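K.L.:
Below is the structure, and that's it, no one-letter string:
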């Protein structure tokens, strides 16, 4: 009873003050699971906002991998035509691998990205979400204003709607520091102060070594992708973006496929199967096309046999005629 009546103390905070183009804040937001064919994927939204103008960038992905985390940065910088000088993060695994007091072990890929765009990554203190409150409020705004009641059929359509909402709703709201201006107008003032982008964007593709021992398929992310038969048994390099899967033999590209987010799908280049069939003629009956062709040929042969067969005579003999047995003797 006394504890309920005792006055509660509340922690006080200073309002964040930053210069234009000085800082951005980044975080992931989880939006539940979706079914892609037979695969259950975790839908997440990469959200970043410029702390001064509150201009934001958002993009939905099927997971929170390091590759998608870096990909969100690169596309945000391209949308802003520049990069901030400092980016503030929570202690998520894509940014911080380990932390002991003030000793921070950053993700090496994040450090490569920071060196490429010349920004400084800076993590928040542990359990201090208020230090990146602007991206937290941006995520809440995305949930309430964009996501509620949203209908889409593909991830690309969802991201297209998200960018339209950003331009027509999020950037047209009143700027918190001056209600006479919009976020878009504040960003127009901030954009020239951003760091210029390098000549080439940072590569965010995932690379891993793959090898097929027997079949003309290599496995990646729940699915199988075909390769030329002469590449079977050799170590290959698989390079995956969010839309494509490329397979390299040394520096030479030997296969390119559209990336599937389904489960247990076989993505086949017909040229790879035809090359295998040229060396293994008997293997044609193991393919769907071969089996359907065999059924067609069998059906055609059966029709030809039916057409060539003469029907038996079923006409009754004329009245008064005598049928002679083939064994009856002839009379002279």
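P.N.:
Looks like it came in fine. Just so it is clear, the structure is predicted and the values come from calculations on it, not from any experiment. Numbers count the residues shown, from 1 in each chain.

K.L.:
For the residue nearest the centre of the chain, give me its contacts.
P.N.:
Centroid-nearest residue in the chain: residue 242, 4.2 Å away (criterion: C-alpha atoms, centre = their mean). Applying C-beta atoms under 8 Å, 6 or more residues apart in numbering, we find residue 242 in contact with 61, 67-68, 71, 259. Glycine gets a C-beta too; all of them are placed from N, C-alpha and C.

K.L.:
And the strands in the stretch 1-150 of the chain, which stretches?
P.N.:
Along the stretch 1-150 of the chain, counting by DSSP state E, counting those that start in this stretch, strands occupy 23-36, 39-50, 56-61, 86-89, 96-100, 103-106, 120-123.

K.L.:
quick one: which of these is nearest residue 191?
P.N.:
strand 39-50 (9.1 Å; C-beta to C-beta).

K.L.:
From the contact counts, what lies against the closest one?
P.N.:
Strand 39-50 sits against strand 23-36, strand 56-61, helix 66-80, helix 133-141, with contacts defined as 3 or more C-beta pairs under 8 Å, 6 or more residues apart in numbering; DSSP states H and E.

K.L.:
could I get the ones you listed as TSV with distance to residue 281, mean neighbour count and mean pLDDT?
P.N.:
Below are the helices and strands packed on strand 39-50 laid out as TSV (distance: least, C-beta to C-beta, whole Å; neighbours: other C-beta atoms under 10 Å; pLDDT from 0 to 100):
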stretch	distance to residue 281	mean neighbour count	mean pLDDT
strand 23-36	38	18	95
strand 56-61	45	22	98
helix 66-80	42	21	98
helix 133-141	59	18	94
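
K.L.:
still on that earlier bit, for residue 140, find the nearest of the strands of the stretch 1-150 of the chain.
P.N.:
Distance to residue 140, taken as C-beta to C-beta, is lowest for strand 23-36 among those, at 9.1 Å.

K.L.:
and the closest one, which strands flank it?
P.N.:
Here strand 23-36 is paired, per DSSP bridges, with strand 39-50 (antiparallel), strand 86-89 (parallel).

K.L.:
and the longest one, which residues are buried?
P.N.:
Residues 39, 41, 43-50 are the ones in strand 39-50 that count as buried (16 or more other C-beta atoms under 10 Å).

K.L.:
mind giving me the domain split of the protein?
P.N.:
The record, using automatic domain parsing to delimit domains, assigns the chain the ranges 23-193, 206-279.

K.L.:
what sits up against stretch 68-75?
P.N.:
Contact with stretch 68-75 is made by 26, 28, 44, 46, 48, 57, 59, 61, 87, 94-95, 109-110, 113, 117, 201-202, 204, 242, as judged by C-beta under 8 Å, 6+ apart.

K.L.:
switch to 7 Å and redo it
P.N.:
46, 48, 59, 61, 94, 109, 113, 201-202, 204, 242 (C-beta atoms under 7 Å, 6 or more residues apart in numbering).

K.L.:
if we can go back for a sec, please identify the one among the buried residues of strand 39-50 that lies nearest to residue 22.
P.N.:
Nearest to residue 22 among the buried residues of strand 39-50, with distances taken as C-beta to C-beta, is residue 50, at 9.0 Å.

K.L.:
ok, the closest one to residue 24 distance?
P.N.:
Distance, residue 50 to residue 24, by C-beta to C-beta, to the nearest Å: 5 Å.

K.L.:
Need the pLDDT of residue 16.
P.N.:
Looking at residue 16, its pLDDT is 65.

K.L.:
so where does residue 225 fall, helix or strand?
P.N.:
strand 223-226 (DSSP states H and E).

K.L.:
After that strand, heading C-terminal, what element do we hit next?
P.N.:
strand 236-240.

K.L.:
quick check: angle from the following helix or strand past that next one to strand 236-240?
P.N.:
In the C-terminal direction, the helix or strand that comes right after strand 236-240 (DSSP H and E) is strand 244-249. For strand 244-249 against strand 236-240, the angle by axes from the mean of the first three to the mean of the last three C-alpha atoms, to 10 degrees is 160 degrees.
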